[in-house]
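sequence first, then the predicted structure, then my questions.
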There are 2 protein chains.
Amino acid sequence: VRLEDLTTPALVVEAELLEHNLATMARALPGERLRPHVKAHKCKELALRQAAHGHVGFTCATTVEVAGLVRAGLGDDLLLANEVLDVERLRRLARSRARVTVAVDSDETVAAAAAAGITEVVVDVNVGLPRCGCAPGTAGRVAEAARARGMAVRGVMGYEGHVVGLEDRARRVELVGVSMEMLRQAHANVGGELISAGGTGTYDINPWATEIQAGSYALMDSAYGRLSLPFHQALTVLATVVSVSPSWAVADCGAKALGMDHGNPTIEGAEVWFCSDEHVTFAPRDAVRVGDRIRVIPAHVDPTVAYHERMYVAEGDDVLETWPVDLRGW
Amino acid sequence: VRLEDLTTPALVVEAELLEHNLATMARALPGERLRPHVKAHKCKELALRQAAHGHVGFTCATTVEVAGLVRAGLGDDLLLANEVLDVERLRRLARSRARVTVAVDSDETVAAAAAAGITEVVVDVNVGLPRCGCAPGTAGRVAEAARARGMAVRGVMGYEGHVVGLEDRARRVELVGVSMEMLRQAHANVGGELISAGGTGTYDINPWATEIQAGSYALMDSAYGRLSLPFHQALTVLATVVSVSPSWAVADCGAKALGMDHGNPTIEGAEVWFCSDEHVTFAPRDAVRVGDRIRVIPAHVDPTVAYHERMYVAEGDDVLETWPVDLRGW
């Protein structure tokens, strides 16, 4: 199969760039220093590649992601880095042969994990991003509640999501320090061997975490592309130009093929005007023709991948492999 | 099954409100006056309900949507209102027993349709939205090209997508007139019985079109909700509160469960701060507790539905039916 044979829109992964990204990260954060976050690609085959680069544990955002990695034989050390109240779903994970650790940040999430038969947790701590996680000062109490129900507390996690995307590196360095000081305080009251944190934007400036939860580094997107990281844009959406007007053109890659929460995608050599459901309207610098194939770079990789059934791994114009995006849904 | 048994996030359709929307539209635009656009719901079962309300033809944005309606027995008069260059895909539609009409706006799209054995086309005309469609002055030439290749030209289509969402009704009325004057001029040079146009925002102010392509009216979203239309918000995303902090709460409905191209969703009685991949952070006016179920209203229904495998049709707390969102993908 060649790229020209693919129905568009289609996710295309450049094999060489993916390999570069995985190898670069594995050198910087070898083995257990990285706990790759699969939410960024939702693809078992890609997780197997990350495991081949020496990473033992994985980070997941949903129970579907955890269950998929268990089926892929990657169940050595899975962290569900999210609060889940669904006891039935958690019970299925607890009954699997995998080692599954679950994030908790409240009495309710502790109770759900315990009721499901989960045996290991980490305490999720808010380190500045207004999302999940208990206040650093209450982390010790949450850990006690978990231990009181017979669960082992492996440590803390705290995602500095408000920091990872800052373009000014000095500011990133400063604020990750502030966040990790909050996490360190929480850890002092919680104990355990894990201090899990970080993302692609802080992978090399967060020495406080024992492990980094980066995911986007594998495929990348235009938001992280602005940060001068050593990772290349390995994923693009292949699209077909379907209509050309005097001052703009239209390709078949729209808001149902792209995560739009970080804004419009980019197209090299063109200015993107807007996306509709199935279209991107753009002004190309050089003329394009109806039928031309173009590459669209998503602003945010995670919700882009979640729209697609498969990704095609390519070398030049050859499709080497087709990988199902099989960890989607809930 | 009851709503409380559903895994979240989950699309929930209020049966009564859906029925109200379908009946209200069928009264305003009975039978062939409406050609419902299935891209807004991507659901065969919902299309069957629209057919039960008397609509004979349907509008589609992808070949997958067309093929799905054919399988559902709804192939009486299907309009693929989009430019498609993929001859193989078009050939499969041409070989089906359905009546499939395809939009063309260039020599290339005419050639692809002819090569695929498509026998009927409409000329897609640009009426002001910078997207697909030929200039009104060239529509006659495109029609000639199609007839020269032996295809019947059923008329014109032109989507006033830059008008349908305007909140000022007087301005909507004015601009739909401008757009439809462009379409009328094109039609004069193209001929045929069809003048296909319009959307949910112009369904009652576009008397020039012979048929209206509205789709969002069935389920609605917060963007169309601002237009004082007689359609109710029939779709919400059911979510679970997973974490509560002193000034905000977090539910499990994020940017992978919501189309974000029209901005943040809304939550009644709360201010939405932002969405992450699997979370919405919001400030509730009244206290919420971990485990509470809430309803999230998407800003844009079409790309929201496209993330989900199924929608649940509910009456009160009872789930009456589960409908697969089976027209997804490409």
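Arrived safely, thanks for sending.

starting at the chain centroid, how far to stretch A:50-60?
13 Å (C-alpha atoms, centre = their mean, to the nearest Å).

go on, stretch A:183-196?
23 Å.

give me the contact list for it.
Contact with stretch A:183-196 is made by A:35, A:59, A:79, A:81, A:122-123, A:125, A:127, A:136-137, A:139-140, A:142-143, A:153-158, A:197, A:208-211, A:213, as judged by C-beta atoms under 8 Å, 6 or more residues apart in numbering or on different chains. Where C-beta positions appear, they are placed from N, C-alpha and C, glycine not excepted.

helices and strands around the helix or strand hosting A:Gln50, which ones?
According to DSSP states H and E, A:Gln50 maps onto helix A:44-52. Helices and strands touching helix A:44-52, by 3 or more C-beta pairs under 8 Å, 6 or more residues apart in numbering or on different chains; DSSP states H and E, are helix A:15-28, helix A:63-71, strand A:318-324.

need the CA coordinates for that helix. PDB is fine.
What follows is helix A:44-52, C-alpha atoms only, in PDB (Å, rounded to 0.1, in the frame of the first residue of the first chain):
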ATOM      1  CA  LYS A  44      -1.400  -0.600  21.600                       C
ATOM      2  CA  GLU A  45       1.100  -1.100  18.800                       C
ATOM      3  CA  LEU A  46       2.700   2.300  19.600                       C
ATOM      4  CA  ALA A  47       2.800   1.400  23.300                       C
ATOM      5  CA  LEU A  48       4.600  -1.900  22.400                       C
ATOM      6  CA  ARG A  49       7.300   0.200  20.600                       C
ATOM      7  CA  GLN A  50       7.700   2.300  23.700                       C
ATOM      8  CA  ALA A  51       8.100  -0.900  25.800                       C
ATOM      9  CA  ALA A  52      10.700  -2.000  23.300                       C
END
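
what is the rounded mean pLDDT of stretch A:171-185?
In this model, stretch A:171-185 has an average pLDDT of 98.

ignore what I typed, I meant stretch A:146-156.
98.

got the buried residues for it?
A:146, A:151, A:153-156 (16 or more other C-beta atoms under 10 Å in any protein chain shown).

contacting residues around that stretch?
A:101, A:104, A:110-111, A:113-114, A:118-125, A:139, A:143, A:183, A:186-187, A:190-196, A:210.

quick one: buried ones out of those residues?
A:101, A:104, A:110-111, A:113-114, A:118, A:120-125, A:139, A:143, A:183, A:186-187, A:190, A:192, A:194-196, A:210.

coming back round to it: so which of the helices and strands packed on helix A:44-52 gets nearest chain B?
Taking C-beta to the nearest C-beta, helix A:63-71 is the member of the helices and strands packed on helix A:44-52 nearest to chain B, at 8.6 Å.

from the middle of its chain, how far away would that closest one be?
So, by C-alpha atoms, centre = their mean, the centroid of helix A:63-71 is 15 Å from its chain's centroid.

and the contacts of whichever helix or strand comes after that helix?
Sequence order places strand A:78-80 as the next helix or strand after helix A:63-71, per DSSP H and E. Strand A:78-80 is contacted by residues A:35, A:57-63, A:66, A:69-70, A:93, A:98-103, A:122, A:157, A:196, A:213 when judged by C-beta under 8 Å, 6+ apart.

and these, which of them are in strands?
Secondary structure from DSSP state E places A:58-60, A:100-103, A:122, A:157, A:196 of the contacts of strand A:78-80 in strands.

so who does A:Arg99 touch?
A:75-78, A:120.

quick check: the gap between the residue nearest to A:Thr119 when sequence neighbours are not counted and chain B.
Leaving aside its sequence neighbours, A:Thr119 sits nearest to A:Met151 (C-beta to C-beta, 6 or more residues apart in numbering or on different chains; 5.9 Å). Using C-beta to the nearest C-beta, to the nearest Å, A:Met151 is found at 18 Å from chain B.
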